[in-house]
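Chemist: return atomic coordinates for the entry below.
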Amino acid sequence: MQTTPTNTSAPALPKARFNWIFSADKFTSTPSNRNGIPPEEELALRQHAAVFIYELGTNLKVPHYCINTAVVYMHRFYMINSFQRFTRQRICAASLFLACKVEEFPRTLRDVIENTGKVLRRKKAEELTKEMIEQYADDIVLHENILLSTLGFSLMVDHPHSIIIKTIQALGSKDF
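Modeler: Model prediction:
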């Protein structure tokens, strides 16, 4: 009986490619719009969310590219989900927590929790009980998992400013 050798290497699977570029009409028919939030109000919610991420990232002393990645995650998330279903503070904290990991500038969950409280001006670090920290930790991890699932684990973000910086460097500017 003759046996044929089996191929031990699995064929390469194509990478999942998500098209995160939306047409103008998609911005007037988002899940939030379909839930009764007017486009102007949704824009304001997105702006407030971006400011929240920026303040949280600044408090955590993370680089701007981490903050920018988190803002992109938030915008992508709300193109698929409604602001009525997921509160922006939770999604923003989870977005920054995830972005810091992806961009290899991780912050501890406790740091994210404490600084989220500062940004929301609700609690100082010393006012947080062990139970509150555990609840907030579970909440951020839950929303991080929801975020990952919604984004389809498509976590790479091409930032346009990085291309501009490389171009300026190639042209010989010493300021970059």
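
Chemist: against residue 135, how distant is residue 110?
Modeler: According to Cβ to Cβ, to the nearest Å, residue 110 stands 13 Å off from residue 135. Any C-beta I mention is one placed from the backbone N, CA and C, and that applies to glycine too.

Chemist: what's in contact with the strand or helix carrying residue 46?
Modeler: Using DSSP states H and E, the element containing residue 46 is helix 39-59. Here helix 39-59 makes contact (Cβ atoms under 8 Å, 6 or more residues apart in numbering) with 27-28, 30, 32-33, 37, 64, 66-67, 70-71, 74-75, 78, 83, 88-89, 91-93, 95-96, 112, 115-116, 118-119.

Chemist: filter those to the buried ones?
Modeler: 30, 32-33, 37, 66-67, 70-71, 74, 78, 83, 88-89, 91-93, 95-96, 112, 115-116, 118-119 (16 or more other Cβ atoms under 10 Å).

Chemist: inside strands: which ones of those residues?
Modeler: Among these, none falls in strands (DSSP state E).

Chemist: packing partners for the helix or strand where residue 99 lies?
Modeler: Using DSSP H and E, the element containing residue 99 is helix 88-102. Judged by 3 or more Cβ pairs under 8 Å, 6 or more residues apart in numbering; DSSP states H and E, the packing partners of helix 88-102 are helix 39-59, helix 64-80, helix 109-120, helix 130-151.

Chemist: so where's the protein uncertain?
Modeler: 1-18, 21, 122-126, 154-155, 157, 159-162, 165, 173-176 (pLDDT under 70).

Chemist: now with 50?
Modeler: 1-17 (pLDDT under 50).

Chemist: so residue 89 sits right up against residue 117, yeah?
Modeler: No. In this structure, residue 89 is not within contact of residue 117 by Cβ atoms under 8 Å, at 10.4 Å.
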